[in-house]
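Student: sequence? don't have it. structure:
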C-alpha cells in the first residue's frame with residue numbers, strides 16, 4: 001500500500017506539471033511546470049526489481065536537467081537583453097530556445113539518450129517517456145516554431161536517423177524509441193502546417209503505442225526473437241501486436257496512416273515537396289524493418305505444437321484486443337468520414 005500511494009502521488013504531480021506548462025502564461029511558469037514534471041517522473045523510473053532502471057533514471061535526469069537549465073539560462077538572457085520579454089516570429093532567439101526543448105523530446109541530433117534510457121525501464125515508464133512526457137515540450141515548441149532552415153534540418157535529420165537507427169535492432173524497446181524519433185520529425189512538420197494537427201498526430205501515435213505495449217506486456221516479451229515461437233498459442237495477441245506495429249509505421253488502411261495522409265496532403269499544398277519526399281522515404285524504411293519482423297515471425301520461424309493448439313482460444317483480455325483491432329483496422333475509415341462531415 002505505501003508503494004502504491006507513493007506512485008499515485010508522483011503520478012498526480014507528474015500530470016499537474018504537464019498541465020502547469022500547458023496553462024502557463026509566462027515562460028518562467030512553463031519552466032516550473034517542466035521541472036515539477038521531471039522531479040515527479042524520476043522516482044517512478046527507479047525500481048528495485050530492475051537493475052538497469054537506476055542507470056536509466058540517472059541518464060534521464062542528467063539530460064533533462066541540462067536541457068532545463070539551458071532553457072532557464074536562455075530565458076533569463078532574453079529578459080536581460082530586452083525590456084519586453086516577447087517572441088516574434090522572425091526572431092533568431094526562437095531557434096536558440098527551441099534547442100533544449102528539442103532535446104527534451106529526443107529530436108535528432110539530440111536523440112542519443114532516448115534508446116539507452118528506454119532500454120532499461122519498465123513498459124509503463126516506456127509509454128510515459130514516448131507519449132506523455134512529450135506533451136509539454138511540444139506545446140512550447142509550437143509557440144516558437146516557424147518554417148526556416150533550422151527546423152527543416154531538424155525534421156529531415158529526425159526522420160532519417162529514426163528510420164535508419166532501427167534497421168539492425170532486435171530489442172522492441174529500441175525499435176519503439178527510434179520510431180519515436182522518426183515520428184517527432186512528422187510532428188514538427190504538422191506544427192508548421194497548422195496549430196492543431198500535431199495534437200491529432202500525437203493522439204493517434206499514443207493509441208498505437210498503448211496497443212503495442214499492452215500486447216507486449218501480456219506476453220512478457222522484450223526482444224523480437226521472443227515473439228517467433230512464444231505467440232503460437234496466442235494467435236490473436238500476435239495479430240493485434242503486428243496490426244499495431246503496421247499502424248505505427250503508417251501502412252494503409254490502418255489508423256496510423258490517417259495523420260500521415262493529412263500531413264502529406266498539406267505539405268504538397270504548401271509546396272514542401274523535398275521534405276515530403278524525405279519523410280515518405282523514411283516511413284518506407286520503418287515499414288521495411290517492421291514487415292521484415294512480421295514476415296519472419298508469421299512464415300519462416302512459425303511453428304505449431306499439437307498439444308498447444310487447445311489453448312489457442314484462451315485470451316487474456318479479449319475485449320481490449322477486439323477494441324484494438326476495430327480501432328486500428330477501421331480507424332482510417334472512421335476518421336475519413338468525420339473529416340468529410342466537417
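Tutor: Right, received. Where do you want to start? What you see is a predicted model; the values in this text were computed from it and never measured.
Student: doesn't residue 99 fall inside a helix?
Tutor: Yes - judged by DSSP: H, G, I helix; E, B strand; the rest coil, residue 99 forms part of a helix.
Student: who's in contact with it?
Tutor: 70, 110 (Cβ atoms under 8 Å, 6 or more residues apart in numbering). In this view, the C-beta of every residue, glycine as well, is placed from N, C-alpha and C.
Student: what about it, distance to residue 7?
Tutor: Using Cβ to Cβ, to the nearest Å, residue 99 is found at 33 Å from residue 7.
Student: likewise residue 28?
Tutor: In terms of Cβ to Cβ, residue 28 sits 29 Å off from residue 7.
Student: give me the number of residues near residue 24?
Tutor: Residues contacting residue 24 under the criterion other Cβ atoms under 10 Å number 18.
Student: who's in contact with it?
Tutor: For residue 24, counting by Cβ under 8 Å, 6+ apart, the contacting residues are 30, 32-33.
Student: try 7 Å this time
Tutor: 30, 33 (Cβ atoms under 7 Å, 6 or more residues apart in numbering).
Student: For stretch 287-302, buried residues please.
Tutor: 287, 289-290, 293-294, 297 (16 or more other Cβ atoms under 10 Å).
Student: Next, format these as CSV and append pLDDT.
Tutor: CSV is the format used below for the buried residues of stretch 287-302 (pLDDT from 0 to 100):
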residue, pLDDT
287, 92
289, 86
290, 89
293, 80
294, 83
297, 75
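Student: any chance of those in CSV, plus secondary structure?
Tutor: Output for the buried residues of stretch 287-302, formatted as CSV (three-state DSSP):
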residue, secondary structure
287, helix
289, helix
290, helix
293, helix
294, helix
297, helix
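Student: a markdown table for those residues, including distance to residue 176?
Tutor: Below are these laid out as a markdown table (distance: Cβ to Cβ, whole Å):
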| residue | distance to residue 176 |
| --- | --- |
| 287 | 15 |
| 289 | 12 |
| 290 | 11 |
| 293 | 12 |
| 294 | 15 |
| 297 | 17 |
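Student: from the residues you listed, which is closest to residue 103?
Tutor: residue 289 (25.9 Å; Cβ to Cβ).
Student: Which residues are in contact with the residue nearest to residue 222 when sequence neighbours are not counted?
Tutor: Leaving aside its sequence neighbours, residue 222 sits nearest to residue 172 (Cβ to Cβ, 6 or more residues apart in numbering; 6.0 Å). Residue 172 sits next to 216, 221-224 when contact means Cβ under 7 Å, 6+ apart.
Student: Highest neighbour count among these?
Tutor: That'd be residue 216 among the contacts of residue 172, by other Cβ under 10 Å, with 21 neighbours.
Student: Apart from its chain neighbours, what residue comes closest to that one?
Tutor: residue 172 (6.0 Å).
Student: Residue 155 now?
Tutor: Using Cβ to Cβ, 6+ apart, the closest residue to residue 155 is residue 185 (4.6 Å).
Student: Toward the C-terminus, what is the element adjacent to the one helix or strand that neighbour maps to?
Tutor: Here residue 185, judged by DSSP states H and E, is contained in helix 172-193. Proceeding N to C from helix 172-193, the next assigned helix or strand is helix 197-219, under DSSP H and E.
Student: List the buried residues in that following helix.
Tutor: 197-202, 204-209, 211-216, 218-219.
Student: Please point out which parts of the helix or strand just after that helix sit buried.
Tutor: Counting by DSSP H and E, the next helix or strand C-terminal to helix 197-219 is helix 226-229. For helix 226-229, the neighbour count (16+ other Cβ under 10 Å) marks 227-228 as buried.
Student: Stretch 168-180 now?
Tutor: By neighbour count on 16+ other Cβ under 10 Å, the buried set for stretch 168-180 is 169, 172-180.
Student: In a markdown table: those residues, plus pLDDT.
Tutor: Below are the buried residues of stretch 168-180 laid out as a markdown table (pLDDT from 0 to 100):
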| residue | pLDDT |
| --- | --- |
| 169 | 87 |
| 172 | 91 |
| 173 | 92 |
| 174 | 93 |
| 175 | 93 |
| 176 | 93 |
| 177 | 94 |
| 178 | 94 |
| 179 | 94 |
| 180 | 95 |
